[in-house]
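Student: Got a sequence here, can you model it:
(one chain, ligands or ions: 1)
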Amino acid sequence: MQKRGFVYLIGAGPGDPGLFTLKGKKVLEKAEVVVYDRLIGQEILDYANREAEFIYVGKAAGNHALPQDQINEVLVNKALEGKIVARLKGGDPFVFGRGGEEALYIREHGIEFEIVPGITSAVAVPAYAGIPVTHREATSSFAVITGHEKPGKSVSSIQWDKISTGIGTLVFLMGVENLEFIVTNLIAAGRSQDTPVALIRRGTYPDQEVISGTLKDIVHKVYDANFQAPAIIIVGETVNLRAELKWRENKPLWGAKILVTRARAQASGLLERIRDEGGEAIEFPSIKIVPESDLSALHSAFAVIGKYAWIIFTSVNAVDIFFEELRKRDIDIRQLQGIKICAIGPATFARLAKRGLLVDLVPEEYRAEGILAELKTRIQPEEQILLPRAEGAREILPESLRKLGAIVDEVILYRALAASHINPPLLESIRKGQVDYITFTSSSTVTNFVKIIGREFIEDFNSRVKVACIGPITAETARQNGFTVDVMPEQYTIDALFNSIVVDHKS
Ligand code: SAH
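Tutor: Residues are numbered from 1 along each chain as shown. The predicted structure is shown next:
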């Protein structure tokens, strides 16, 4: 029997990827076809299986969206092929999302579906602006209304006389272009001209903008500010609460646009912290970690692992690849017994600890010089040291250890390569320096960044953007490449770098 298809109509929430539901994530992970609208963020799409088929049905720049009947057909056809289909929509699928239409069509064709509600922008976007849709003293009702109704329509489906005075808080979606029409109708139907109004654009995103006024002056204000869709319009006394309840704008990194140049696998921690503190983190994966295809040098070292007095790990990547290979070759971790282990800094320490290894040494200064300072007195001549690390890493560590009389086996585990793809509009805006900070967390992030954006753009970029480097080696590489270094922490860690940016941004 052929496998039966299934359609999930999923609400993706208003924008902030953290507002996507757990259920949405769970069903998206098992979808074989993903049909998605405009404004569905990459982070949410990333939950889907990479092997899934992705079908974009939103508006492209200057183009129209796929007509609704064609979307309906895509959903049904894919389900009839026996596929699990995830239909992702902004906000909630049943709030001005045409979810009902799609569900009816799907049912007519005998296909099973499930609705996965999402957080609607009608409530969440005001919340992110510090505006509750209800409040005991101010209002006991709210309505969500389309603002898309054409001004010329002879019979309005909106009963302006009833909603204007009959409901406390009015939330209009899709209404920016019709703001004047909406305001005129409300006033004509008896709502006071002094009623507070706010427009919130790109709510819940890090570049959310809010403009507020009253029914009397909002049209002018919006016109003067050239305030554009997509935005929601909220009308009612609760808008005044924003003065006391706004919270996003108080976050320490609010308004800071920060470019994070790390390899993808490592970037997430820094990206998340920036976002948590209200900043806009832009991922620029200038390097990617590619394990060496030929790891025979490592395997040879495994064969004689007992001879080493020390293993020195200088990155989490080295830890990961080292232990994965150990496992792949069926070597028991107890073979490492008696070998002293050094981690260059706290991240590497933590990664080793996760594998159950409490290291013997983490230097005070998290770089090669720091390791040398501490090992100087601790290694004996002729002692064997294994140094698994990246191609192109600095020579100072093995060279100096050899000078101390040690025998060093350097084994290349991986390369840090320039990432191949970055989308053109983003590259363009970066070249123009349209960010506030750039973070460099290793010398290779600097050199790869320069390679990707082009040396000729550096001077201009540097004059507009603050450069934050994790430590002196990275800073030196940055200077050699034409950057002025503005931020560098005292401790060479991601945490300290993050804190230094917060301090700098607040000053
Ligand atoms: N189903 C969606 C609404 C779709 S209609 C929901 O439940 O949220 C699209 C309209 O929603 C836009 O024109 C705008 O008015 C509003 N909207 C959606 N996301 C928004 C956001 N992040 N910020 C401001 N308005 C938003």
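Student: just the strands in the stretch 201-350 of the chain please.
Tutor: With DSSP state E, counting those that start in this stretch as the criterion, the stretch 201-350 of the chain has strands at 209-214, 231-235, 257-261, 280-283, 287-291, 310-313, 340-343.
Student: strand partners of the fifth one, parallel vs antiparallel please.
Tutor: What that stands for is strand 287-291. strand 407-418 (antiparallel) (DSSP bridges).
Student: Give me the nearest residue to G5, chain neighbours excluded.
Tutor: Sequence neighbours aside, A79 is the residue nearest to G5 in space, at 3.1 Å (criterion: CB to CB, 6 or more residues apart in numbering). Where you see a C-beta, it was placed from the backbone N, CA and C, and this is true even at glycine.
Student: right, I mislabeled it, should have said L9
Tutor: Spatial nearest neighbour of L9, chain neighbours left out: P93 (4.6 Å); criterion: CB to CB, 6+ apart.
Student: Tell me which residue of this structure lies closest to the ligand.
Tutor: G91 (1.9 Å; CB to the nearest ligand atom).
Student: Give the burial count for that residue, as a bare number.
Tutor: Neighbourhood size, G91 [other CB atoms under 10 Å]: 25.
Student: just checking, it touches G118?
Tutor: Yes: taking contacts as CB atoms under 8 Å, G91 lies within contact range of G118: 5.6 Å.
Student: where exactly do the helices run in the stretch 51-200 of the chain?
Tutor: Secondary structure of the stretch 51-200 of the chain (DSSP state H, counting those that start in this stretch): helices at 68-80, 99-108, 121-128, 160-166, 179-188.
Student: which helices and strands sit right next to the first one?
Tutor: When contacts are defined as 3 or more CB pairs under 8 Å, 6 or more residues apart in numbering; DSSP states H and E, helix 68-80 packs onto strand 6-11, strand 33-36, strand 84-89, helix 99-108.
Student: Run me through the strand neighbours of the helix or strand encompassing L386, direction for each.
Tutor: In the assignment (DSSP states H and E), L386 maps to strand 384-390. Next to strand 384-390 in the sheet, as set by DSSP bridges, lie strand 310-313 (parallel), strand 407-418 (parallel).
Student: so where's this structure shaky on pLDDT?
Tutor: 1-2, 60-63, 151-152, 263-268, 285-287, 417-423 (pLDDT under 70).
Student: Close to the ligand: what parts of it are there?
Tutor: 14-15, 89-92, 95-97, 120-122, 125, 173-174, 200-204, 229-232 (CB under 6 Å from any ligand atom).
Student: Number of residues surrounding R431?
Tutor: Per other CB under 10 Å, the neighbour tally for R431 reads 15.
Student: Please apply the same query to Q70.
Tutor: Quick note: Q70 (other CB under 10 Å) scores 11 neighbours.
Student: Ok, the one 3 residues further on next?
Tutor: By the other CB under 10 Å criterion, the neighbourhood of E73 contains 14 residues.
Student: repeat for L326
Tutor: Around L326 there are 19 residues (other CB under 10 Å).
Student: Using TSV, please lay out the helices and strands packed on helix 68-80 together with mean neighbour count.
Tutor: Listed next are those as TSV, based on neighbours: other CB atoms under 10 Å:
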stretch	mean neighbour count
strand 6-11	26
strand 33-36	24
strand 84-89	26
helix 99-108	16
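Student: Could I get these in JSON lines, plus columns for distance to T238?
Tutor: What follows is the helices and strands packed on helix 68-80, written out as JSON lines (distance: least, CB to CB, whole Å):
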{"stretch": "strand 6-11", "distance to T238": "24"}
{"stretch": "strand 33-36", "distance to T238": "33"}
{"stretch": "strand 84-89", "distance to T238": "27"}
{"stretch": "helix 99-108", "distance to T238": "27"}
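Student: Show me the one of those that comes nearest D360.
Tutor: strand 33-36 (48.0 Å; CB to CB).
Student: partners of that closest one in the sheet?
Tutor: strand 53-56 (parallel), strand 84-89 (parallel).
Student: can you put the ones you listed in JSON lines and add distance to I344?
Tutor: Formatted as JSON lines, the strands paired with strand 33-36 follow (distance: least, CB to CB, whole Å):
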{"stretch": "strand 53-56", "distance to I344": "40"}
{"stretch": "strand 84-89", "distance to I344": "42"}
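Student: closest to T447 out of these?
Tutor: Closest to T447 of the strands paired with strand 33-36 is strand 53-56 (CB to CB; 33.2 Å).
Student: Only alpha carbons, please: show the closest one as CSV.
Tutor: Output of strand 53-56 as CSV, limited to C-alpha atoms (Å, rounded to 0.1, in the frame of the first residue of the first chain):
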residue,chain,number,x,y,z
GLU,A,53,12.2,19.6,-0.7
PHE,A,54,11.9,23.4,0.0
ILE,A,55,9.2,25.3,-2.0
TYR,A,56,9.0,29.0,-1.6
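Student: quick one on the thing from earlier: hmm, who's touching the next helix or strand after the strand holding L386?
Tutor: In the C-terminal direction, the helix or strand that comes right after strand 384-390 (DSSP H and E) is helix 396-403. With CB atoms under 8 Å, 6 or more residues apart in numbering as the test, helix 396-403 has contacts from I312, T314, A368, E369, I371, L372, L375, I379, I385, L387, V408, E410.
Student: right, and the first one touches L386 too?
Tutor: It stands for I312. Yes: contact criterion CB under 8 Å: I312 and L386 qualify, at 7.3 Å.
Student: between the two, who's got more neighbours?
Tutor: Each of I312 and L386 has its neighbours counted (other CB under 10 Å); I312 has more, 27 against 23.
Student: quick one, what contacts the more buried one?
Tutor: Contacts for I312 (CB under 8 Å, 6+ apart) come out as I341, C342, I344, I371, I385, L386, L387, L397.
Student: so how many other residues sit close to the fourth one?
Tutor: Residues within reach of I371, counting by other CB under 10 Å, total 26.
Student: secondary structure class for the nearest residue to V485 once chain neighbours are set aside?
Tutor: Closest residue to V485 apart from its sequence neighbours, by CB to CB, 6+ apart: A475 at 4.5 Å. Following DSSP: H, G, I helix; E, B strand; the rest coil, we place A475 in the helix state.
Student: Report the contact partners of A475.
Tutor: The neighbours of A475, taking CB under 8 Å, 6+ apart as the test, are F440, C469, V485, M488.
Student: these two touch, right, the first one and V446?
Tutor: When you say that, I think you mean F440. Yes: here F440 reaches V446: they are 5.0 Å apart, a contact under CB under 8 Å.
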